[in-house]
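Colleague: Here is my input, please return the structure:
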Amino acid sequence: MAVLEDLKVDLSVVLGRSHMPLHMLLRMGRGAVIELESTETDMVEILANDHPIARGQIVVTGNRISVEITELIRKAEVVRVPGVTIGDGAVPILDGTVDLI
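Modeller: Presented below is the predicted three-dimensional model:
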């Protein structure tokens with residue numbers, strides 16, 4: 001466990017996304033509001049190093065905003081199979097000499 005104490009992970013919580021032309025983004029100034037296609041009651045996506053790991057709900061208590069994790073996102077089955085490669089030019093995850101228990 002001591003090895004994991006120094007591990008750094010960037011966490012992000014995504015409530016919504018918006019698409020707009022670049023010229024509109026460049027015209028925005030301080031205090032501009034970007035409308036999202038979701039509401040505060042929608043599920044949020046929780047990312048670790050830009051990879052989805054969970055979903056949750058926004059919880060507002062007084063002046064504090066937090067996220068309650070409601071669902072963990074598991075890796076695809078393909079990723080956990082020994083010897084399977086991921087993407088073009090990828091190397092095998094395991095060399096096949098590991099016994100799975």
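Colleague: Any regions of this structure where pLDDT drops low?
Modeller: Low-confidence segments of the chain (pLDDT under 70): 1, 76-101.
Colleague: 80 instead, please
Modeller: Within the chain, the segments meeting pLDDT under 80 span 1-4, 37, 39-40, 75-101.
Colleague: how about the strands in it?
Modeller: For the chain, the strands defined by DSSP state E occupy 11-14, 44-48, 51-61, 64-72.
Colleague: So what touches the shortest one?
Modeller: What that stands for is strand 11-14. Residues from elsewhere that reach strand 11-14 (Cβ atoms under 8 Å, 6 or more residues apart in numbering): 44-48, 50, 56, 67. Just so you know, the C-beta spots here come from the backbone N, C-alpha and C atoms, and that holds for glycine as well.
Colleague: How far does that strand sit from its chain's centre?
Modeller: Centre-to-centre, strand 11-14 and its host chain are 6 Å apart (Cα atoms, centre = their mean, to the nearest Å).
Colleague: what sits against the residue most central in space within the chain?
Modeller: The residue lying closest to the centre of the chain (Cα atoms, centre = their mean) is residue 47, at 1.7 Å. By Cβ under 8 Å, 6+ apart, the contact list for residue 47 reads 11-14, 53.
Colleague: Any of these buried? List them.
Modeller: For these, a burial check counting by 16 or more other Cβ atoms under 10 Å picks out residue 53.
Colleague: Name the nearest of the contacts of residue 47 relative to residue 26.
Modeller: residue 14 (23.1 Å; Cβ to Cβ).
Colleague: Quick check: the closest one vs residue 42, distance?
Modeller: Residue 14 is 10 Å from residue 42, where distance means Cβ to Cβ, to the nearest Å.
Colleague: residues near the nearest residue to residue 46 once chain neighbours are set aside, how many?
Modeller: The spatial neighbour of residue 46 that comes closest, neighbours along the chain excluded (Cβ to Cβ, 6 or more residues apart in numbering), is residue 54 at 4.2 Å. Residue 54 is flanked by 17 other residues according to other Cβ atoms under 10 Å.
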